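Enquirer: Following is a predicted model, sequence given first.
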Amino acid sequence: MACEPNRVRLLCMLSLTFSFFIVEVVVSRITASLAMLSDSFHMLSDVIALLVALVAVWFAEKTQATNKNTFGWIRAEVMGALVNAVFLTALCFTIILEAIERFTNPHEIEQPYVVIGVGAAGLLVNLLGLCLFHGHSGGGHGHSHGGGGPSHGNKKNKRGKLCKSERPDGSSGEETNNLVVRNNSPPNGVNTERCRHEIVGNDSEMHMNGVSGYDELDLGQESGSLNMRGVFLHVLGDALGSVIVVVNAVIFTFVWQPCPPGEQCFNPCIDSHATDHQHINHTLLDMSEGGSGFRPNVMGPCWVLYLDPTLCIIMVCILLYTTYPLLKESALILLQTVPKQIDMHRLNERLLTLDGVLAIHELHIWQLAGSRIIATAHIKCHDPTSYMDVAKRIKDFFHNEGIHATTIQPEFVTVNSASSASLCELSCRTQCAPKLCCGAGEKTGGPGSAGPEGAEKALAASVMEVISETPEGEPDAGGAEEAAASLVQVVPRLEPEVIVTREVESSL
Amino acid sequence: MLPLSIKDDEYKPAKFNLPGKISGWFRSILSDKTSRNLFFFLCLNLSFAFVELSYGIWSNSLGLISDSFHMFFDCTALLAGLAASVISRWRSNDSFSYGYVRAEVLAGFVNGLFLIFTAFFIFSEGVERALEPPHVNHDRLLPVSIAGLLVNLVGIFVFQHGGHGHSHGGDDDHGHSHSMFNGSASHGHSHGGHETKHGHGDGHGHSHGGHGHSHDDPHCHDELHTPGKGSSKQILQGVFLHIVADTLGSVGVIISALLMQKYDLMIADPICSICISILIGVSVVPLLRESIGILMQQTPPALDNALPECYQRVQQLQGVYNLQEPHFWTLCTDVYIGTLKLLIAPDADSKWILSQTHSIFTQAGVRQLYVQIEVAAM
């Protein structure tokens, strides 16, 4: 399957890193080097990061909707990216802490040759990882192509085979712009079916779809590559770390003048710090001042000891700088932001210019992941018969904007259409903060905010309608009971809303 | 006519008024009880960290210095929670149509992640020390642990007072009894750069708050409950759990310090660390699971039972052929949003169907519902 390359790469890298981790642990035990052990834990955190990314990719490939996840698992990618970004940040903090510790308490590297060897091996592994993942983050545009079958067995389903997200019942996160009629099945504007893939770049046979691809290509940041970006950054951080280790060890071996075995050494770099060493230095100093002609060896230039933490801090700065955009982006998606390429205000205005659209309420646009954008709105129109045309136009309009999963709730004007054109007929619940719920209608430029009386009348009118309509359409007793029961709730619910609106008006 | 007034302030671009912004933030923080408490606890933790830092520098103890840095790190987590509680109260705008309410969930999730990371870090340090026990300086150990314990006790008192005082408005069909946002975890960590040990619980938990106070977001707060009670209760409960865990951690550290002093049981330190890290890991799991559920747009567990019944009722309405593509998800605590499509007969009364559907789902607790009507052709 075309989605495999990501998984394969991740698995590859994961196994490499894990084996390297084992190697490091063993070496640290053999050489009794604490630094090696802590570095091995660093490797372990890499393994975890890769694991997270793998899990996210694996989940995201299951785009079927289940009862629990009606949108499928697409969001898993964004979550994986966020987790990786957060871990990277936390790691950076830890490294800063350790570097500061090193500044105040520098110590030399024991067995530098082993360190060089292991560091070089780690660097190799990381470079390999960089190559593996570089294509993903650099390319950065996953393509989605026509596929995932919606319910009305339409033409483009054939390509759906390629994507795993094909299902018979059509409830993938991508609702089709299945407008009005089932058997009418108009060509539905551009392409209606999409399916998500993490494919990037190279698998060109996948995207012949002539999709209105402008929206995907524009987006650049797709969630599939978002996750991969996280992995790439992690591996980059590792590579930098390995570079630092190797450079440090190399400089250390060449510049540092170690203590010749068997002789007393005097280490000028350590003595002024941590109190625990003081007693050692006292004895050394005593010795040096004591016996004449006895001159202890002085260890190598001190600045070498400070090289390590300095490099670490530089590395942390680089890492943070590159991680921040990833963090911000995944966080914004999870915050249900409006995708940046969509201008809500302009969209609103253009929607209003459509025929038959009287007002728009509660327009919400958010990004599920990657190029999947979901929009919901209430559209106020004249009457049910004209609604269907309006619906089609609205769907086309959204389609052109690149939003393919829309849910439009129609609202029909009631008796006092003129004054209440800007008010919600329905779903603004009483408990809503009065200002925003239906007040949003005002920003659409409806005929001014209705006065309190108008609001009240409009609501009363709709209550009346509800009351009057229910007896008509109820042939069976069960339905009548239900209608009556729900009616009872309808009425008291609307009244507080009236009060609430009045309060709003008075506060203005 | 030329304009006579030279007062052209309204035409100037708005200046970035930093003091104004900051004072605005303070007002926002202080207006809500939860964020007020969080803020004070954060200040307490910060001051404790500063004191520790200065003491460490003065006495030249590396362990104290590094531990104070660790405390600062934790204070960042508290700060994130506080920021989230302020941000989530901002109004919605063109970029955020739902407002910023998700910030709480996100902050809870990120804090959970930080906690897991910290647990992992402590675990690794514990293992390191088990394999190679460093020389531990006892002298500064106990006073610092005890001070940390005191700070935590203050936290317990503050947040318990807030947390249990509310009785919940009652009729929620959700049974979250455990902390929503974050923070039920602690780590008295026996950290310390190998020099000293201190058990201070870090002020990590913060659940953020302020749901439903001066709320301008479309995500409504339920007026059937008194505003702020629903989510504050969980938040405060979360903070409380967290601080309790912190206290336990401090106590554990103190015990291990005593053990080491009296019986010279060096192994007590790493074992303590490992136990604490496991404790943290386990306690963070419920928090993570919930926030992941919300962030993944999952169907709210609270509605699991109610939804199929609602679907049935809707499908029994006169004129409704079919209900398709239901999507229900949680925006933040107690706020559920749903979309669905109804296929109806051409002669059916769509207005009536719409209002009935809305009322059915409102009874289930979904207040923002978008119903798309599709008329079947004859």
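Expert: Received it, and whenever you're ready, just let me know what you need.

Enquirer: show me the contacts for A:Leu127.
Expert: By C-beta atoms under 8 Å, 6 or more residues apart in numbering or on different chains, the residues touching A:Leu127 are A:Ala239. For glycine as for every other residue, the C-beta is placed from the backbone atoms N, C-alpha and C.

Enquirer: do the same with A:Val246
Expert: With the criterion set at C-beta under 8 Å, 6+ apart, A:Val246 makes contact with A:116, A:119-120, A:123.

Enquirer: Among those residues, which one sits closest to chain B?
Expert: Using C-beta to the nearest C-beta, A:Gly119 is the member of these that sits closest to chain B, with 19.3 Å.

Enquirer: What separation do you get for the closest one and B:Asp349?
Expert: Noted for A:Gly119: a distance of 75 Å to B:Asp349, by C-beta to C-beta, to the nearest Å.

Enquirer: A:Ala65 too?
Expert: Counting by C-beta to C-beta, the gap from A:Ala65 to B:Asp349 is 30 Å.

Enquirer: circling back to that earlier point, most surrounded residue in the contacts of A:Val246?
Expert: Each of the contacts of A:Val246 was scored for neighbours by other C-beta atoms under 10 Å in any protein chain shown, and A:Gly119 scores highest at 23 neighbours.

Enquirer: Name the secondary structure element that contains that one.
Expert: When elements are assigned from DSSP states H and E, A:Gly119 belongs to helix A:112-139.

Enquirer: and what of A:Met36?
Expert: Short version, using DSSP H and E: A:Met36 is in helix A:34-61.

Enquirer: does that helix come close to chain B?
Expert: Yes. Using C-beta under 8 Å from any C-beta of the partner chain, helix A:34-61 reaches chain B at A:34, A:37-38, A:41, A:44-45, A:48.

Enquirer: buried ones in stretch B:19-32?
Expert: Using 16 or more other C-beta atoms under 10 Å in any protein chain shown as the test for burial, stretch B:19-32 gives B:28-29, B:32.

Enquirer: So for B:Glu52, what's the pLDDT?
Expert: Per-residue confidence for B:Glu52 comes out at a pLDDT of 79.

Enquirer: count of residues packed around B:Val154?
Expert: 14.

Enquirer: From A:Val250, how far off is A:Tyr113?
Expert: 10 Å.

Enquirer: neighbour-wise, which of the two wins?
Expert: Taking neighbours as other C-beta under 10 Å, A:Tyr113 and A:Val250 compare with A:Val250 leading, 15 against 10.

Enquirer: Name all residues that make contact with that one.
Expert: Contacts for A:Val250 (C-beta under 8 Å, 6+ apart) come out as A:Ile116.

Enquirer: right, and A:Asn69 touches B:Pro300 too?
Expert: No. In this structure A:Asn69 lies outside contact range of B:Pro300 using C-beta atoms under 8 Å: 11.8 Å.

Enquirer: Low-confidence regions, the stretch 201-350 of chain B specifically.
Expert: B:201-246, B:248-249, B:252, B:265-266 (pLDDT under 70).

Enquirer: make it 90
Expert: By pLDDT under 90, the low-scoring segments of the stretch 201-350 of chain B are B:201-308, B:310-312, B:314-337, B:342, B:344-350.

Enquirer: quick one: the helices in it?
Expert: For the stretch 201-350 of chain B, the helices defined by DSSP state H, counting those that start in this stretch occupy B:229-263, B:268-295, B:306-315, B:350-364.

Enquirer: one step back: please flag which of the buried residues of stretch B:19-32 sit within helices.
Expert: B:28-29 (DSSP state H).

Enquirer: Include distance to chain A and pLDDT when you put the buried residues of stretch B:19-32 into CSV, please.
Expert: CSV is the format used below for these (distance: C-beta to the nearest C-beta, whole Å; pLDDT from 0 to 100):
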residue, distance to chain A, pLDDT
B:Ser28, 16, 81
B:Ile29, 20, 80
B:Asp32, 15, 80
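
Enquirer: Looking at the buried residues of stretch B:19-32, which one is closest to A:Lys392?
Expert: B:Ser28 (45.0 Å; C-beta to C-beta).

Enquirer: what secondary structure does A:Val342 sit in?
Expert: Wrong residue type there; residue A:342 is Ile, not Val. Here A:Ile342 is coil, with the state taken from DSSP: H, G, I helix; E, B strand; the rest coil.

Enquirer: Adding neighbour count and pLDDT, write the residues of helix A:34-61 next to chain B out as TSV.
Expert: Shown next, in TSV, are the residues of helix A:34-61 next to chain B (neighbours: other C-beta atoms under 10 Å in any protein chain shown; pLDDT from 0 to 100):
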residue	neighbour count	pLDDT
A:Leu34	17	65
A:Leu37	21	71
A:Ser38	16	70
A:Phe41	20	74
A:Leu44	18	82
A:Ser45	21	79
A:Ile48	19	85
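
Enquirer: which among those gets closest to chain B?
Expert: A:Phe41 (4.2 Å).

Enquirer: Just to check, the closest one is in contact with B:Phe117?
Expert: No. A:Phe41 lies out of contact with B:Phe117 (C-beta under 8 Å); the separation is 11.7 Å.

Enquirer: helix/strand/coil for A:Ile374?
Expert: A:Ile374 - assigned by three-state DSSP - is strand.

Enquirer: neighbours around it, how many?
Expert: 22.

Enquirer: touching chain B at all, stretch A:227-234?
Expert: No. Applying C-beta under 8 Å from any C-beta, one finds stretch A:227-234 separated from chain B by no less than 12.8 Å.

Enquirer: any chance you could map the helices in the stretch 51-200 of chain B?
Expert: Counting by DSSP H, counting those that start in this stretch, the helices of the stretch 51-200 of chain B are B:62-87, B:102-131, B:141-163.

Enquirer: between these, which gets nearest to B:Val285?
Expert: Closest among the helices of the stretch 51-200 of chain B, using C-beta to C-beta: helix B:102-131, at 8.6 Å.

Enquirer: Now that closest one: buried residues?
Expert: The neighbour-count check on helix B:102-131 (16+ other C-beta under 10 Å) flags B:102-129 as buried.

Enquirer: What about chain A: which of those residues touch it?
Expert: Checking those against chain A (C-beta under 8 Å from any C-beta), the matches are B:102-103, B:106, B:109-110, B:113-114, B:117-118, B:120-121, B:124, B:128.

Enquirer: so what secondary structure elements neighbour the host helix or strand of A:Glu101?
Expert: Counting by DSSP H and E, the element that carries A:Glu101 is helix A:75-104. Contacts defined by 3 or more C-beta pairs under 8 Å, 6 or more residues apart in numbering or on different chains; DSSP states H and E place helix A:75-104 against helix A:34-61, helix A:223-255, helix A:303-334, strand A:359-369, helix B:62-87, helix B:102-131, helix B:268-295.

Enquirer: Show me which helix or strand of chain A is least confident by mean pLDDT.
Expert: None of the helices or strands of chain A scores lower by mean pLDDT, DSSP states H and E than helix A:440-443, at a mean of 34.

Enquirer: how about low-confidence regions in the stretch 1-150 of chain A?
Expert: Checking the stretch 1-150 of chain A against pLDDT under 90 turns up A:1-14, A:16-17, A:20-123, A:125-126, A:128-150.

Enquirer: again, 80 this time
Expert: Residue ranges of the stretch 1-150 of chain A with pLDDT under 80: A:1-6, A:28-42, A:45, A:60-67, A:94, A:97-98, A:100-112, A:134-150.

Enquirer: that older thread, give the buried residues for the helix holding A:Glu101.
Expert: Buried-residue list, helix A:75-104, by 16+ other C-beta under 10 Å: A:75-103.
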